[in-house]
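> using only what follows, build the 3D model:
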Amino acid sequence: MTTIKVEIPDIGDAADVEVIEVCVSEGDSIAVGDALIVIESDKASMEVPAPIAGQIKEVLVELEAVVNTGDHIVVVEAESEATDSGETDEQAPTTEAQPTEPEPQTTTEDKTSPTDEIELPTPPTPPTPPTPPTPSTPPTPTPPSQRVETERTVETDTTLVYAGPAVRKLARELGVQLTEVAGSGAKGRILKDDVKVFVKQRITTGVSQTGGTGIEPIELPDFTKFGEVETVPLSRMRKKGAANLHKSWVNLPHVTQLDEVDVTDLENFRSEYNGQVSDRSERLSPLPFILKACANILREFPTFNSSIHPNFDHLVIKKYFHIGIAVDTPEGLVVPVIRDVDKKGVREIAEAAKRLAKAAVDKKLVPDDLAGATFTVSSLGPIGGTGFTPIINAPEVAILGVSKLTTKPIWMHGMFTPRQMLPLSLSYDHRAVNGAEAGRFMQALGAQLANIRMLSL
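Numbering: from 1, shown residues only. Below you'll find the model as predicted:
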């Protein structure tokens with residue numbers, strides 16, 4: 001058999017291109033047109049196809065190597081047809097890779113200009129008719145006229161992938177394994193749209209080998225090596241909640257603004273009201289006042305009562321004000337929804353919040369109780385500390401965290417005065433809300449909470 005060194009064909013003005021993928025290994029059997037390597041210049045990526053059929057005897061380049069036109073990349077032991085045509089090692093060590101009449105490749109999926117795609121010469125067809133294949137003979141090569149030149153086949157872990165150079169480049173840029181993508185083109189060929197649909201599905205479902213972040217997941221060691229352990233299964237609610245929080249955190253650019261609001265007047269009013277109520281269950285906590293104030297401010301700042309479209313081309317502004325409240329239960333965190341908060345008084349809001357919280361603990365919430373929220377409030381009450389970063393309840397674009405109320409000395413009218421200060425944490429989706437909007441939102445919310453009379457307007 002004839003041994004031939006395959007060269008990098010003419011790649012035009014491109015120089016010092018990088019090998020970004022080596023598609024073959026020593027001992028592999030190849031057919032005419034199979035991809036040998038994939039190279040990438042500043043403008044485009046391209047496959048270098050096999051000009052002959054045979055067996056790879058040696059791979060002369062490595063991943064990330066820099067190559068140029070004429071550089072040798074592999075040594076191929078050609079099939080017997082090359083010997084039958086009178087070729088010898090001395091006669092054709094490299095000329096098999098250089099056809100006499102080069103023709104540019106075309107694709108049915110990527111119609112780019114010459115500046116965007118590097119053109120390859122069409123490999124020649126062996127001059128003699130092919131012999132019937134035997135168990136020890138590689139398959140008969142397909143003539144160039146019966147195939148699309150850039151629809152190369154790469155074998156990865158015994159999985160065949162049909163895709164052009166531009167599609168492979170897009171997949172690399174997006175971190176997509178083409179072996180996971182279903183092709184919609186002829187004979188299962190993968191198109192650019194297939195890659196985009198795959199990415200969109202992964203974003204929507206939050207399913208990815210790397211958890212959607214491009215970072216390898218954390219692997220746990222064998223803790224039993226260090227001492228006794230106990231495995232406690234998560235409840236279905238906790239597992240679902242964990243998945244939703246992870247999806248929101250990795251897909252939304254969270255920004256959290258921290259502030260303190262002087263609620264001394266509100267607390268004085270609340271203390272006076274609760275002192276006049278005989279039934280302890282009718283006493284008011286700060287939460288219904290906060291919910292009422294949020295509904296008023298959401299009407300003034302509708303961006304915070306919206307959802308951003310996945311294509312990022314518009315916001316969906318809701319004209320209703322349904323606010324979710326985070327409730328801690330033995331089974332995990334749930335977020336029931338109080339509807340039309342803007343149309344309810346503080347006592348009505350308090351009654352709805354208590355009813356939903358009890359139903360959550362008793363596991364009596366119905367699906368409608370958990371659907372339709374436009375904004376969420378997470379109040380940690382007396383255990384809240386000085387602040388925290390709440391995770392947005394997507395597809396909402398903002399969430400308000402409420403921490404522990406404390407008494408602080410505040411400089412007022414030339415002297416320090418004890419005031420009741422409430423720490424608030426506003427997390428927002430930076431794709432839909434900018435920092436100035438968030439600042440104004442917090443100022444307006446603080447003004448409402450600082451002046452109890454504003455809540456009645």
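
> so Ile20, which state does it fall into?
The local conformation at Ile20, judged by DSSP: H, G, I helix; E, B strand; the rest coil, is strand.

> so how far is Ile37 from it?
Using CB to CB, to the nearest Å, we find Ile20 at a distance of 8 Å from Ile37. To be clear about C-beta, it is placed using only N, CA and C from the backbone, and glycine gets the same treatment.

> ok, those two, which is more surrounded?
Counted by other CB atoms under 10 Å, Ile20 and Ile37 do not tie: Ile37 has more neighbours, with 25 against 16.

> neighbouring strands - and their directions - for the longest strand along the chain?
Longest strand of the chain, by residue count under DSSP state E: strand 415-429. Here strand 415-429 is paired, per DSSP bridges, with strand 254-262 (antiparallel), strand 398-402 (antiparallel), strand 406-412 (antiparallel).

> can you pull the buried residues of that strand?
Within strand 415-429, the residues scored as buried using 16 or more other CB atoms under 10 Å are 419-429.

> any regions of the protein where pLDDT drops low?
Within the chain, the ranges that satisfy pLDDT under 70 run 1, 12-14, 40-45, 80-160, 186-187, 204-215, 236, 456-457.

> now with 50, please.
42-43, 81-123, 125-126, 129-159, 207-211 (pLDDT under 50).

> Gly184: what's its closest spatial neighbour, skipping adjacent residues?
Quick fix: residue 184 reads Ser, not Gly. Asp194 (5.4 Å; CB to CB, 6 or more residues apart in numbering).

> and the one you found, what is it in contact with?
167, 181-185 (CB atoms under 8 Å, 6 or more residues apart in numbering).

> if we can go back for a sec, next SSE downstream of the longest strand of the chain?
Next helix or strand after strand 415-429 toward the C-terminus (DSSP states H and E): helix 435-450.

> one step back: tell me the one among the buried residues of strand 415-429 nearest to Leu258.
Nearest to Leu258 among the buried residues of strand 415-429 is Ser425, at 5.4 Å by CB to CB.

> quick revisit: make TSV out of the buried residues of strand 415-429 and add distance to Glu173.
Compiled in TSV, those are given as follows (distance: CB to CB, whole Å):
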residue	distance to Glu173
Arg419	54
Gln420	53
Met421	49
Leu422	46
Pro423	42
Leu424	40
Ser425	36
Leu426	34
Ser427	30
Tyr428	29
Asp429	24
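
> could you pull out the helices for the protein?
Here the chain has its helices, by DSSP state H, at 80-84, 165-174, 192-205, 236-251, 264-276, 286-300, 346-361, 435-450.

> angle of the fourth one against strand 254-262?
The one in question is helix 236-251. 100 degrees (axes from the mean of the first three to the mean of the last three CA atoms, to 10 degrees).

> using CSV, write out every CA atom in helix 236-251.
The C-alpha coordinates for helix 236-251 follow below in CSV (Å, rounded to 0.1, in the frame of the first residue of the first chain):
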residue,chain,number,x,y,z
ARG,A,236,-40.5,16.8,46.9
MET,A,237,-41.2,20.4,47.8
ARG,A,238,-37.6,21.1,48.9
LYS,A,239,-36.2,19.4,45.7
LYS,A,240,-38.5,21.4,43.5
GLY,A,241,-37.7,24.6,45.4
ALA,A,242,-34.0,24.0,45.1
ALA,A,243,-34.2,23.4,41.4
ASN,A,244,-36.2,26.6,40.9
LEU,A,245,-33.8,28.7,43.0
HIS,A,246,-30.8,27.3,41.1
LYS,A,247,-32.5,28.0,37.8
SER,A,248,-33.2,31.6,38.8
TRP,A,249,-29.8,32.2,40.2
VAL,A,250,-27.9,31.0,37.2
ASN,A,251,-30.1,32.6,34.6
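
> and the helices of the chain as JSON lines, adding distance to Val24?
Formatted as JSON lines, the helices of the chain follow (distance: least, CB to CB, whole Å):
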{"stretch": "helix 80-84", "distance to Val24": "18"}
{"stretch": "helix 165-174", "distance to Val24": "15"}
{"stretch": "helix 192-205", "distance to Val24": "24"}
{"stretch": "helix 236-251", "distance to Val24": "36"}
{"stretch": "helix 264-276", "distance to Val24": "73"}
{"stretch": "helix 286-300", "distance to Val24": "60"}
{"stretch": "helix 346-361", "distance to Val24": "60"}
{"stretch": "helix 435-450", "distance to Val24": "52"}
